[in-house]
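Asks: dropping a prediction and its sequence here:
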Amino acid sequence: LMSKISRIENPVGPAISIGLEKAFAPLKLISDHKKESIDLFGHLGANNRTIILGGAGTGKTTLMKSLVLNVLTKQTRTDLDNLIPVFIKLRDLSSNNYSVEQAIIAAFKKYHFPGADNFINSAIDQGKLIIILDGLDEVGLNRSNVIQTIQRFCERDDVLNHKNKIIITCREFSYKTRDLNDHIK
């Protein structure tokens, strides 16, 4: 799993693969509310829900893969290091008509994780996950269904004693409707 997450593949041209740690350059993140630069790890540690907006090709997905790698290798130097990162492509969630929980379980089962159902349900109930929902702008006509799926998961998470970290990525232009503002602040 780690080797697939920590590599960037060249989608056009020769088949080369570059380690994420060599290809990733830290990004400057700007808070939408305060219009000032923020530290990603500090922000995620202080907030349970975040949406990462940016233009096409600005590195949103790469930033999230870097986050997963940093959490797995305990490099955030925050309480994030004690959580379990899960990277979900919203395009896959949508095409399989999954709930967020089902998408997480499917991701674990893909790598033959034994007892994924029980493990994930327990981890969710204990607030042990960093759930990255990547590419809201890539779900096409299923967007309203995907939004409702995310909202339902957030509502379930709201009643837990320990909340999970939820991060959504989307192209800035595709988020003008701000359809998750009630759940992602």
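Replies: Cool, the structure landed.
Asks: from residue 118, how far out is residue 73?
Replies: 26 Å (CB to CB, to the nearest Å). C-betas here are computed from N, CA, C, even on glycine.
Asks: residue ranges with poor pLDDT in this protein?
Replies: 1-35, 176-178, 181-183, 185 (pLDDT under 70).
Asks: quick one, helices of it?
Replies: 2-5, 20-23, 40-46, 60-72, 90-95, 100-110, 116-125, 143-158 (DSSP state H).
Asks: flag every buried residue along the last one.
Replies: Looking back up the chat, that one is helix 143-158. By neighbour count with 16 or more other CB atoms under 10 Å, helix 143-158 contains the buried residues 143, 146-147, 149-150, 153-154, 157.
Asks: got the angle for that helix vs helix 116-125?
Replies: Here helix 143-158 runs at an angle of 70 degrees relative to helix 116-125 (axes from the mean of the first three to the mean of the last three CA atoms, to 10 degrees).
Asks: kindly report the same for the fourth one.
Replies: Here the directions of helix 60-72 and helix 116-125 differ by 90 degrees (the same axes, to 10 degrees).
Asks: starting at the chain centroid, how far to helix 60-72?
Replies: Per CA atoms, centre = their mean, to the nearest Å, the displacement of helix 60-72 from the mean C-alpha position of its chain is 9 Å.
Asks: show me what it is packed up against.
Replies: helix 2-5, helix 20-23, helix 40-46, strand 49-54, strand 84-89, strand 129-134, strand 165-171 (3 or more CB pairs under 8 Å, 6 or more residues apart in numbering; DSSP states H and E).
Asks: mind putting those into a markdown table with distance to residue 179 and mean neighbour count?
Replies: Formatted as a markdown table, the helices and strands packed on helix 60-72 follow (distance: least, CB to CB, whole Å; neighbours: other CB atoms under 10 Å):
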| stretch | distance to residue 179 | mean neighbour count |
| --- | --- | --- |
| helix 2-5 | 28 | 11 |
| helix 20-23 | 30 | 13 |
| helix 40-46 | 22 | 16 |
| strand 49-54 | 11 | 19 |
| strand 84-89 | 18 | 19 |
| strand 129-134 | 13 | 22 |
| strand 165-171 | 10 | 23 |
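Asks: distance to residue 112 added to these, as a markdown table?
Replies: Supplementary listing: the helices and strands packed on helix 60-72 in a markdown table, determined by distance: least, CB to CB, whole Å:
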| stretch | distance to residue 112 |
| --- | --- |
| helix 2-5 | 14 |
| helix 20-23 | 23 |
| helix 40-46 | 29 |
| strand 49-54 | 30 |
| strand 84-89 | 16 |
| strand 129-134 | 19 |
| strand 165-171 | 25 |
